[in-house]
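> Whatever this is, show me its structure:
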Amino acid sequence: MSETIFVSQNTQTAETILVIDDDTDILALLEMSLASDGFHVITASNGISGLQLAKADQPDLILLDVMMPQMDGLQVIEKLKADTETNAIPVLWLTAKTQTEDKLRGLEIGGDDYITKPFDLREVTARINTVLGRTRPVKYINPLINAMGESFSEAGVAELGSHLQAAAEIQLKLLPEKPPTFSNFDFATMFRSSTSVSGDFYDFIPLSDTHLGIVLGDVKGHGIPAALLMVMIQTASRLLSNEEDSWQMPNAHLPATILKRINTLLFHNTDLEQFATMVYGILEIDTGRFTYSNGGHCPPIHFITDPENSKQTEKNRNRVELLETGGMLIGAFDIATFSSETCLLSPGDVLLLYTDGVTETEGQTPNDFYGEERLIDCFSKNLTLSAESLCDVLQTELMEFSGTTQLKDDRAVVVIKRTTDETTPT
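Below is the predicted model:
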């Protein structure tokens, strides 16, 4: 069955270690050892340059020697902890076994742990991993602390969590509760988000008893910023579609006009880096005529069938048309222009609208993506199925292809199948 699912996203990159030591041999040894352990390593040969790198690169941990000229390691720790830009960076320092005062002083001024010389490289890695295990959650929560300001507290974080959940539920309610129902058309949808809220969206907008507006789009990025822009576009689509003067123009021009007006709205009310892609179409229920405009989006795929010609093979009986007519990205350029085109959905035909989260699904082999060709093949082999079953087949194939239920991008799919003029599929 078709469904709406929200899935969290989790990505991880190599952590950065800043090594500060005036001994170039020690620097080279630690850099080689830590790099082989999977860390990204940057180095400084004195305390002053080390402080500069700490502010500029914001490493995940600093490993420094105590005995250095000009500025020793303990002085470096003091300056790091006195600076709001670097005071959260964990620090490990190297000290001789006999230097008890250095060990105590380092802990007193805010250092996290020490390693005694001579050191074992395995111990260095183990100590680093132990400290990072304690401090890693702090690193990822610091942006949250800065964003919430004085509101940051256990109660404040809990409230923020409830707000995010509420936002996800509100966004879900903005989507159509269920696909429309007509005697000669079968509709189904699939919607999945990589985070709690999504930048992908779809909509069905009733225009008259015999005309249905169909919208599918993808806002650049993920999470809350994309979701807010998505709500703006969806709201504009509904309002513009139902303006009294909209239906005074020929249907052939309306989709392009709608995209042009949404483009103008976004361009003048959002940052230059915020844009979207979308398809707006009008389906004439009685004739099967679909008039659309494509604003820089993945081209919808029209699967054209010829069920009466039984002498041909199934592959030859089915043809594919990509619906690319339209214009540029939505919201990126004020001068963007759009045009409309029409196709005819005959009984047995299927129209697939989708976002790039489908075709850019990464397989279990690196740099192998699902792609348009696999998508066309998946549907071409299953055109006799209902719209809902086609969504189920696609979802299963994407999961088997990627080997995981975790998403790196949002996905939205709309499947429209024309059945006959009298009956709906079972």
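
> Quick one, grab the pLDDT at R411.
Here the pLDDT value assigned to R411 is 90.

> Need the residues that contact stretch 88-105.
With C-beta atoms under 8 Å, 6 or more residues apart in numbering as the contact definition, stretch 88-105 has outside contacts at 21, 54, 58-67, 73-74, 77, 80, 106, 110-117, 119, 127-128, 131-132, 134-135, 138-139, 142. Placement of C-beta: from N, CA and C, glycine included.

> So among those residues, which ones count as buried?
Among those, those buried by neighbour count (16 or more other C-beta atoms under 10 Å) are 21, 54, 59-67, 73-74, 77, 80, 106, 111-115, 127-128, 131-132, 139.

> Just the ones of the residues you listed in helices?
In helices, judged by DSSP state H, the following of the buried ones among the contacts of stretch 88-105 are found: 54, 73-74, 77, 80, 106, 127-128, 131-132, 139.

> So which of the residues you listed is the closest to A14?
In terms of C-beta to C-beta, no member of those lies closer to A14 than L132, at 11.8 Å.

> how about low-confidence regions in the stretch 101-250 of the chain?
Residues of the stretch 101-250 of the chain meeting the criterion pLDDT under 70: 103, 137-171, 195-197, 222-223, 244-250.

> now do 90
The stretch 101-250 of the chain contains residues with pLDDT under 90 at 101-124, 126-127, 129-177, 192-200, 208-209, 219-232, 234-235, 241-250.

> Just the strands from it, written as ranges.
Here the stretch 101-250 of the chain has its strands, by DSSP state E, counting those that start in this stretch, at 113-117, 185-193, 200-206, 211-219.

> Sheet-wise, list the partners of the shortest one with their directions.
Applying DSSP bridges, strand 113-117 is found paired with strand 91-96 (parallel).

> Show me how far the partner strand is from its chain's centre.
Chain-centre distance of strand 91-96: 41 Å, with C-alpha atoms, centre = their mean, to the nearest Å.

> Stretch 280-295 now?
29 Å.

> Just the terminal-to-terminal distance for that stretch.
End-to-end distance of stretch 280-295 (C-alpha to C-alpha, to the nearest Å): 8 Å.

> For it, which residues meet the burial criterion?
Buried positions in stretch 280-295, judged by neighbour count with 16+ other C-beta under 10 Å: 280-285, 288-295.

> For that stretch, what does the pLDDT average out to?
95.

> Check stretch 25-34 too.
On average, stretch 25-34 scores 90.

> quick one: the helices in the stretch 201-350 of the chain?
Ranges of helices within the stretch 201-350 of the chain are 223-241, 254-269, 314-317, based on DSSP state H, counting those that start in this stretch.

> so what's I20 up against?
Shown in contact with I20 (C-beta under 8 Å, 6+ apart): 43-47, 50, 62-65, 68, 73, 76.

> So M71 versus T396, what's the distance?
Plainly put, M71 is 61 Å away from T396 if you go by C-beta to C-beta, to the nearest Å.

> swap in R289?
For R289, the distance to T396 - C-beta to C-beta - is 32 Å.

> now swap in G50 and tell me
Separation of G50 from T396 (C-beta to C-beta): 53 Å.

> neighbour-wise, which of these two wins?
It is G50, of G50 and T396, that has more neighbours when counted by other C-beta atoms under 10 Å, with 27 against 11.

> What helix or strand is the more buried one located in?
For G50, the host element (DSSP states H and E) is helix 47-57.

> quick one, that helix and strand 91-96 angle?
Put simply, helix 47-57 runs at 160 degrees to strand 91-96, going by axes from the mean of the first three to the mean of the last three C-alpha atoms, to 10 degrees.

> list the buried ones in helix 47-57?
Within helix 47-57, the residues scored as buried using 16+ other C-beta under 10 Å are 47, 50-51, 53-54.

> Out of the residues you listed, the closest to T405 would be?
Set against T405, the nearest of these by C-beta to C-beta is A54 (39.2 Å).

> if you look at the buried residues of stretch 280-295, which of them are in strands?
280-284, 289-295 (DSSP state E).

> which among the residues you listed gets closest to T16?
Nearest to T16 among these, with distances taken as C-beta to C-beta, is G295, at 39.8 Å.

> show me the residues around the closest one that make contact.
Contact analysis of G295 by C-beta under 8 Å, 6+ apart lists 217, 259, 262-263, 276-280, 326-330, 336, 338.

> With N263 as the reference, measure out to it.
Per C-beta to C-beta, G295 is found 7 Å from N263.

> what touches both of these two?
In terms of C-beta under 8 Å, 6+ apart, G295 and N263 are both contacted by the residues 327-328, 330, 336, 338.

> So what touches stretch 62-73?
Applying C-beta under 8 Å, 6+ apart, the external contacts of stretch 62-73 come out as 17-23, 26, 30, 46-48, 50, 54, 74, 76-77, 80, 89-96, 99, 102, 106, 124, 128.

> okay, how far is it across it, tip to tip?
11 Å.

> and what of stretch 94-108?
For stretch 94-108, the end-to-end distance is 16 Å (C-alpha to C-alpha).

> what's the answer for stretch 374-386, then?
One end of stretch 374-386 to the other measures 19 Å (C-alpha to C-alpha).

> buried residues in that stretch?
374-376, 378-380, 382-383, 385-386.

> Can you show me the strands along the stretch 251-400 of the chain?
Taking DSSP E, counting those that start in this stretch as the test, the strands found in the stretch 251-400 of the chain are 276-284, 289-295, 301-304, 319-322, 326-327, 341-344, 350-354.

> ok, L174 to L228 distance?
From L174 across to L228, the span is 12 Å (C-beta to C-beta).
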